[in-house]
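>>> how would this look folded up:
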Amino acid sequence: QVQLVESGGGLVQAGGSLRLFCVASGRTFSTYAVGWFRQAPGKEREFVVFIGTSGGTTYYTDSVKGRFTISRDNAKNTVYLQMNSLKPEDTAVYYCAATPFSASTRIDSYPYWGQGTQVTVSS
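A predicted model of the protein is given here:
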């Protein structure tokens, strides 16, 4: 089992940057694929990006390609989400999630979730 804690959210102006952190407990974190999801007010939770166990496999939703970068440091049990050129439509609660199975864009593929961190982008 793994527990996840997100941090790094905040308020930023459009065009700005934020770096989110997802820190995991447990000694087997390197065997988990990790995804980032987000949920805007009044909307369903949606996939943003995932990263495979070694960091060699990543996949981004179209709306963040070229602006967001995911990476991981298994020695630190941490996954990072660098978000650049932020837009007001990126405003949401961002969640990281982990799965011992293959990385996926599906919410129901991830049994472990963090509590979320708020990202607000002002225009």
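
>>> residues near Tyr32, how many?
26 (other Cβ atoms under 10 Å). (Each C-beta comes from the backbone N, C-alpha and C, glycine too.)

>>> surely it and Thr99 touch.
Yes - between Tyr32 and Thr99 there is a contact under Cβ atoms under 8 Å: 6.2 Å.

>>> pull up the overlap in contacts between the two.
Contact criterion Cβ atoms under 8 Å, 6 or more residues apart in numbering; residues shared by Tyr32 and Thr99: Tyr112.

>>> which of the helices or strands spans the spatially most central residue of the chain?
By Cα atoms, centre = their mean, the chain has its centre lying nearest to Trp36, at 2.6 Å. Assessed by DSSP states H and E, Trp36 sits inside strand 33-39.

>>> strands paired with that strand, and their directions?
Sheet partners assigned to strand 33-39 using DSSP bridges are listed as strand 46-51 (antiparallel), strand 92-99 (antiparallel).

>>> same for the helix or strand following the shortest one, what does it pack against?
To tie it back to what came earlier, the one meant is strand 46-51. Once the chain leaves strand 46-51, the next helix or strand it forms, by DSSP H and E, is strand 58-60. Applying 3 or more Cβ pairs under 8 Å, 6 or more residues apart in numbering; DSSP states H and E, one finds that strand 58-60 contacts strand 46-51, strand 68-73.

>>> so Gln39 touches Ala92, yeah?
Yes - here Gln39 reaches Ala92: they are 5.6 Å apart, a contact under Cβ under 8 Å.

>>> ok, those two, which is more surrounded?
Ala92 (22 against 14).

>>> which residues does that one contact?
Here Ala92 is in contact with Arg38, Gln39, Ala40, Lys43, Gln118, Val119 (criterion: Cβ under 8 Å, 6+ apart).

>>> wait, doesn't Val119 sit right on Leu18?
Yes - in this structure, Val119 is within contact of Leu18 by Cβ under 8 Å, at 6.2 Å.

>>> so what sits against both of those two?
With contacts taken as Cβ under 8 Å, 6+ apart, Val119 and Leu18 have Gly9, Gly10, Val12, Met83, Leu86 as neighbours in common.
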